[in-house]
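this is a predicted model, with the sequence first.
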Amino acid sequence: MNSNTFSLLTNAIDIKEGEYLPAYISRLLSYGTFIKPREFFSLFESGIPHTSEGYLPSWASKLANSGKLDISMDDLIDNHLGGKFWRSFVNNEDYQSFVNKQLYGEGTNRVLFPEEKPLTKYAPLKYCQRCRDEEIEQFGFPIWKSRNQLTSVFTCSIHGDVLHQKFQRSPPIPDGKSADAFLQVDGYQPKLTTFHRWLEFETNMVMSGGRQASHELLNTYRSVFLESSFYKKKGTENDCRLRIQWSQALECYLRVLFPLNRDELWYRIKTGNASVTAIIDCEKRVHPLFLLLFKTFYMFQYKA
Ligand SMILES: [Zn+2]
């Protein structure tokens, strides 16, 4: 496959609005046997992905940077990889340096936020059944939406229906062999609680606030936790109570969000990366999900 064939292919099968990039690539690769995954990925100097690396896999950075999809890098990452949400959780400098390492550096298995690997590995793919049926009618195939793949999104933004969650043994990656992983069939529809609704509300707020404003707001929250009356000094009674209650709450939250892999996930997470100390230290990167969960805990559950 050469660059011309690639353009012909991506022009004929274009990425749909908000379509989740890994699912789109899988859709391209499943189109015909003439597309060899190795050749496809080598066109933008990437190997075939073997694991899901997190929010921004290196193959996706390379593809976005290559300009081969005729979409700007920011657009691709923000609208097709959920960047509109998670980029508010990192400052621009750190983000750029991460992307540069992916594009030009040696290591490939880096992630932007601590604990992204287990949280990505056990995250379900999610779809709305009504969207699926309407899209099959309209396009002949269903679209995986990038927004729906965020861990803290549970309902369809168009229909309001509860999304079907498809948990799988191995994370769905566009390696040319995992087309089945991207079929919109089956899945589990959780019974949503106020907890789910609140997390989704917070997620929508981050996305609609704009990157810079949301980033500043999130940093304010983190420093407010530090100054607030319940968090005094390390080792005090207040501090111990907070740490114990937070650890218990986090375990419960993750069990709700990852019902099928809850024990595996809990034992793989280094809780230090979700500790109170990590959450309130603006110098440290903390996984977006942990920060949103901590906020939820702080507002509704913590008993001082
Ligand atoms: Zn829908």
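Perfect, I can see it now.

what's the burial count for Gly246?
Careful, residue 246 is Trp and not Gly. The tally of other residues near Trp246 (other Cβ atoms under 10 Å) stands at 21. For the C-beta atoms, the positions are set from N, CA and C on the backbone; glycine is no exception.

right, and it touches Phe294 too?
Yes. Under the criterion of Cβ atoms under 8 Å, Trp246 makes contact with Phe294 at 6.9 Å.

between these two, what contacts are shared?
Jointly contacting Trp246 and Phe294 under the rule Cβ atoms under 8 Å, 6 or more residues apart in numbering are Val276.

for Arg130, list the residues it contacts.
Applying Cβ under 8 Å, 6+ apart, the residues near Arg130 are 156, 158-159, 161.

model confidence over the helix or strand hosting it, on average?
Following DSSP states H and E, one finds Arg130 within helix 129-139. Helix 129-139 shows a mean pLDDT of 97 in the predicted model.

and for stretch 93-103?
Here the average pLDDT along stretch 93-103 is 93.

what about it, distance to the chain center?
What separates the centre of stretch 93-103 from the centre of its chain is 17 Å, taken as Cα atoms, centre = their mean, to the nearest Å.

equivalent analysis for stretch 255-274, please.
The answer for stretch 255-274 is 16 Å, by Cα atoms, centre = their mean.

how about stretch 265-276?
17 Å.

mind listing what's buried in that stretch?
Within stretch 265-276, the residues that qualify as buried are 265, 269, 273-276, counting by 16 or more other Cβ atoms under 10 Å.

same check, this time on stretch 293-304
Neighbour counts over stretch 293-304 (16+ other Cβ under 10 Å) mark 293-298 as buried.

contacting residues for Leu260?
Here Leu260 is in contact with 122, 167, 188 (criterion: Cβ under 8 Å, 6+ apart).

doesn't it lie inside a helix?
No. If the criterion is DSSP: H, G, I helix; E, B strand; the rest coil, then Leu260 is coil and not within a helix.

for Arg166, what are phi and psi?
Rather than Arg, residue 166 is Lys. phi -110, psi 100 (degrees, to the nearest 10).

next one: Met73 from the ion, what distance?
28 Å (Cβ to the ion, to the nearest Å).

for that residue, which non-adjacent residue is spatially closest?
Ala64 (4.3 Å; Cβ to Cβ, 6 or more residues apart in numbering).

the ion contacts on the stretch 101-250 of the chain?
Contact residues (Cβ under 5 Å from the ion) of the stretch 101-250 of the chain with the ion: 128, 130-131, 156, 158-159.

so where do the strands sit in the stretch 51-200 of the chain?
125-127, 164-166 (DSSP state E, counting those that start in this stretch).

if we can go back for a sec, now the buried residues of stretch 265-276 in TSV, with distance to Leu217, secondary structure and pLDDT?
Output for the buried residues of stretch 265-276, formatted as TSV (distance: Cβ to Cβ, whole Å; DSSP: H, G, I helix; E, B strand; the rest coil; pLDDT from 0 to 100):
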residue	distance to Leu217	secondary structure	pLDDT
Leu265	28	helix	86
Ile269	26	coil	89
Asn273	22	helix	92
Ala274	20	helix	93
Ser275	22	coil	92
Val276	20	helix	89
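
looking at those, which is nearest the ion?
Among the buried residues of stretch 265-276, Leu265 lies closest to the ion (Cβ to the ion), at 27.4 Å.
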